[in-house]
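A.B. asks: Here's my sequence, what's the structure:
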Amino acid sequence: MFEALFNHPLWAYKTGTFALASAWPLWVLLLLAIAGCALIAVTLARRKALGWSKLALLGVVQCSLLGLVLTLLWRPVLNVERVRDRENVLAVTLDASASMAVAGEAGQSRLQEAVNALQQGPLESLRKVFDVRLFSFARDTEPLASITAVPPPGPQTLIGDALLQVLQTAGSVPLAGVVLLSDGAENGDTLNEDRLKEIASYGVPVHTVGVGPLRNPGDLELERIDVPQSAPAGATVTAEVAVRHDAGGTTRLRVYDQDRLLAARDVILPSDAELTRFSVELPAGEPGTRDLRFQLDPLPGESNVQNNSRSHVISVPPGRRSVLYIEGEPRWEYKFVRRALETDRSLRLVSVLRTTPNKYFRQGIADAAELVDGFPKDAATLFAYDAIIIGSFEASNLSADQHRLLKDFVDLRGGSVLLLAGTSGLAAGGWNETALAQTLPTRLPDRQQTAKPLQKAVRPVPTLYGEEFSITRFDQEPKRNLDYWRTLPELADSQNLGPIRPGAIVLLEVPQDRSSSPLLVWQRYGRGATYLLGTASTLRWRMRAAPEDQRHGTFWRQFAHALADHTPGRVTINSTRTVYDDERRVLLEAEVRNERFETLSNANVEVLIAPERDNSYTVRMLPSGNDDGRYVASIDAPATGLYRIDLTASDAGRELGVVTTHVRRNDGVLEYFGTRQNRAVLQRLADMTGGRYWTLDNLSGLAAAIPYSKAGIVERQTLELWNLPIVFILLLALKSCEWLLRLRWGRL
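C.D. replies: Okay, here's the model as predicted:
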């Protein structure tokens, strides 16, 4: 219909430039238009009986008619650039990955829907103008003999790689464009910003055709699982889960270690959200490997249940985390903290209680020589611990070298330090004047400003951060967690912690008259972290609660694990992820340090790779080249299953450490995730290359649009506009309008 009225395709008008081809100067046109409008105005002014409103309407109609006739006399044209017929190549590329085999509402696969849409006219129209060459792609790209000769579904969608191969293949021919038919389910990271710029640099427009629904109300997808790669034995691990859904409902998440159920949680999916996030807590259990499987119950009638499940591997190394607890005086808080922590089998609590100026009472020591002189005096001894708790202990009891070691414990070692309130704790103990002070989350006040703790009953309240933090979370449900805090016995004291530093996070605060003051605050510093707790009376949560109330012990065990669990060892190894879906290359990174936790860049680092079914082999890790103690390696994992990776580091024949991690290799998994059409990816690809995004139901305009893409062999054309049918219709309409108005007013 458009071409019948305007003689030329819509895309000629969108891409062309308007011009007047007459040799007569433009100022003559303007002069004639002004003179004509003035003459019309003078003529109409003599008919005042019609009234000014009617005269104005007639004047507009007559001036419009005059302007149109004068414009036609100056010969309007459209200058366009169009590809030469049959002299250019057009690449039509079909996504043949497994996600395109998903059945649509009509029962046909997405790929079949795309093929049918091309066969119903668009492909034949394109062949009248272009030399059409057909390709299909999934993990690899290959030419097609015909539109129906599509290979079986492939295991991965690599759109960026496919486009580059097509562009490079057609490098010796005039390529006018690429038509990409896909659901946009890119899952190989081949459409990052650098790759998009490389594709756009060829100057060939990519016209993307979206296949598949934008929403899928009948499908649940376990989009993301965030879980640590390792955890100490006996610890509780928090998994952050994200579920994508296009409709509301309920489901249940189950977490298995192989076939053993570890945890389960009912999940409510709001109808006004597309992504629901929640957390679930898992026991790390005994030393070994937790081969986890997260499984969502399917919705009624859900067809694609493969994306309801994800895997994750957690390595639980043998041994226990060591916590050093220093106290300067016998007090009840010390007794109850020890009682809460010594029952945790995954922690080794070593405490040193200063009873007299030169005498220490030690508990939890491994042998008689451990900490015989009190606080460690050398880095090797101090750095053997993962976390340090300092109670009511004056800073003057330590030497300047010991204070520097304590700061290095946080900054260099990567450990955590907790300072507790007390008569000789925090600022009252002079800790504001030590090397450790610059690592603390607050600027501790002077002794004259704070002196002793304030003896006043207070009830701590979790902040927004505290409601989600592992230390201060008694229950995963936020409302129940707040109820637990509201019903705790009041504390007997609180101590001024001073102004909060910019990077610090407050977890607990105590209300005051018109404000609140921090009670528990922490921040990261260097490789480690520091914490401040401004009370010495958490024992009330045990003494004034029912015997079955375990909140005091839960709080301190969670606190100790937050302090110690993330402290790195001298030798560490990590992979970029624990589960590799449809990717053979496993990337490993290790870090090696000596007893003082100084980096070693010339160590001998080897990994023993033990696949689940094949023979083991050894790979040597190479230094990263940055002289930072890091080593890298890339291993091939062709077979599916669990891979055990044992790292051994040595220096000059002396063993530095042995660590173990695990990764899982899956195949044929990714294509079942992200099955909705990713229009954003297709739209961005088209925009960056100068193409356009299309849908299957409007492909009829594809053959008319691509010839005006200005790629390939093009020619300039001048299209006449004076003879358009729409022009003559408009002339007739304007004159008829004037005649009808005069007829209505009786002024013919």
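
A.B. asks: Tabulate the CA atom coordinates of stretch 64-71 in CSV.
C.D. replies: Extracted in CSV, the C-alpha atoms of stretch 64-71 (Å, rounded to 0.1, in the frame of the first residue of the first chain):
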residue,chain,number,x,y,z
SER,A,64,-1.4,24.9,1.0
LEU,A,65,-2.5,24.2,-2.6
LEU,A,66,-0.3,27.0,-3.9
GLY,A,67,2.7,25.8,-1.9
LEU,A,68,2.3,22.3,-3.1
VAL,A,69,2.0,23.4,-6.8
LEU,A,70,5.1,25.6,-6.6
THR,A,71,7.1,22.9,-4.9
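
A.B. asks: Which positions within that stretch qualify as buried?
C.D. replies: Ser64, Leu65, Leu66, Gly67, Thr71 (16 or more other CB atoms under 10 Å). (Each C-beta comes from the backbone N, C-alpha and C, glycine too.)

A.B. asks: ok, of those, which one's closest to Ala35?
C.D. replies: Leu66 (9.8 Å; CB to CB).

A.B. asks: Now do the strands in the stretch 51-200 of the chain.
C.D. replies: Per DSSP state E, counting those that start in this stretch, the stretch 51-200 of the chain carries strands over the ranges 76-83, 89-95, 131-137, 141-144, 175-182.

A.B. asks: Any idea which of those strands has the lowest pLDDT on average?
C.D. replies: Least confident of the strands of the stretch 51-200 of the chain, judged by mean pLDDT, is strand 76-83 with a mean of 77.

A.B. asks: how far out from the middle of the chain is that strand?
C.D. replies: 46 Å (CA atoms, centre = their mean, to the nearest Å).

A.B. asks: quick one: which of the buried residues of stretch 64-71 is nearest to Gly36?
C.D. replies: Using CB to CB, these come closest to Gly36 at Leu66, 4.6 Å.

A.B. asks: three-state assignment of the spatially closest residue to the closest one that is not a sequence neighbour?
C.D. replies: Distances taken as CB to CB, 6 or more residues apart in numbering place Gly36 nearest to Leu66, at 4.6 Å, with adjacent residues excluded. Secondary structure for Gly36, judged by DSSP: H, G, I helix; E, B strand; the rest coil, is helix.

A.B. asks: OK, contacts around Cys37?
C.D. replies: By CB atoms under 8 Å, 6 or more residues apart in numbering, the residues touching Cys37 are Gly59, Cys63, Leu66.

A.B. asks: Looking at those residues, which is nearest Thr567?
C.D. replies: Relative to Thr567, the closest of these is Cys63; by CB to CB it sits at 84.3 Å.

A.B. asks: just checking, the closest one touches Ala38?
C.D. replies: No: assessed by CB atoms under 8 Å, Cys63 is found out of contact with Ala38, at 10.1 Å.

A.B. asks: When these two are compared, which one has more neighbours?
C.D. replies: More crowded of Cys63 and Ala38, by other CB atoms under 10 Å: Cys63, with 16 against 10.

A.B. asks: The worst-scoring helix or strand of the chain on mean pLDDT: what's the following helix or strand?
C.D. replies: Counting by mean pLDDT, DSSP states H and E, the chain has its least confident helix or strand at helix 447-450, which shows a mean of 64. Of the helices and strands lying after helix 447-450 in sequence (DSSP states H and E), the nearest is strand 461-462.

A.B. asks: quick check: mean pLDDT across that next one?
C.D. replies: Regarding strand 461-462, the rounded mean pLDDT is 94.

A.B. asks: Check what contacts that strand and list those residues.
C.D. replies: Phe469, Thr472, Asn481, Leu482, Trp485, Leu507, Leu508, Glu509, Val510, Pro511, Ser516.

A.B. asks: Could you give the bridge partners of the nearest residue to the last one once chain neighbours are set aside?
C.D. replies: Spatial nearest neighbour of Ser516, excluding adjacent residues (CB to CB, 6+ apart): Glu509 at 4.3 Å. Using DSSP bridges, the beta-bridge partners of Glu509 come out as Val461, Pro518.

A.B. asks: residues contacting Glu509?
C.D. replies: Going by CB under 8 Å, 6+ apart, Glu509 touches Pro460, Val461, Thr463, Ser516, Ser517, Pro518, Leu519.

A.B. asks: Only the buried members of those residues: can you turn that into a PyMOL selection?
C.D. replies: Selection of the buried residues among these in PyMOL, burial being defined by 16+ other CB under 10 Å:
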select buried, resi 460+461+463+517+518+519
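
A.B. asks: between the contacts of Glu509, which is closest to Val663?
C.D. replies: The closest of those to Val663 turns out to be Thr463 (CB to CB; 37.1 Å).

A.B. asks: State the distance from that closest one to Ser99.
C.D. replies: Distance from Thr463 to Ser99, counting by CB to CB, to the nearest Å: 43 Å.

A.B. asks: model confidence over stretch 318-328, on average?
C.D. replies: pLDDT averaged over stretch 318-328 gives 92.

A.B. asks: buried ones in that stretch?
C.D. replies: By 16+ other CB under 10 Å, the buried positions in stretch 318-328 come out as Arg320, Arg321, Ser322, Val323, Leu324, Tyr325, Ile326, Glu327, Gly328.

A.B. asks: Now it - C-alpha only, PDB.
C.D. replies: Output of stretch 318-328 as PDB, limited to C-alpha atoms (Å, rounded to 0.1, in the frame of the first residue of the first chain):
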ATOM      1  CA  PRO A 318      40.600 -31.000  57.200                       C
ATOM      2  CA  GLY A 319      41.800 -29.200  60.200                       C
ATOM      3  CA  ARG A 320      40.200 -26.500  62.400                       C
ATOM      4  CA  ARG A 321      40.300 -22.700  62.300                       C
ATOM      5  CA  SER A 322      42.400 -21.200  65.200                       C
ATOM      6  CA  VAL A 323      41.100 -18.300  67.200                       C
ATOM      7  CA  LEU A 324      43.400 -16.600  69.800                       C
ATOM      8  CA  TYR A 325      41.500 -14.900  72.600                       C
ATOM      9  CA  ILE A 326      43.500 -12.400  74.800                       C
ATOM     10  CA  GLU A 327      42.000 -11.200  78.100                       C
ATOM     11  CA  GLY A 328      43.600  -8.800  80.600                       C
END
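
A.B. asks: tell me how far that stretch is from the chain's mean position?
C.D. replies: 36 Å.

A.B. asks: cool, and stretch 66-83?
C.D. replies: Centre-to-centre, stretch 66-83 and its host chain are 52 Å apart (CA atoms, centre = their mean).

A.B. asks: what's around the residue nearest to Leu134 when sequence neighbours are not counted, how many residues?
C.D. replies: Distances taken as CB to CB, 6+ apart put Leu144 closest to Leu134, at 3.9 Å, once the chain neighbours are dropped. For Leu144, the tally of surrounding residues (other CB under 10 Å) stands at 17.
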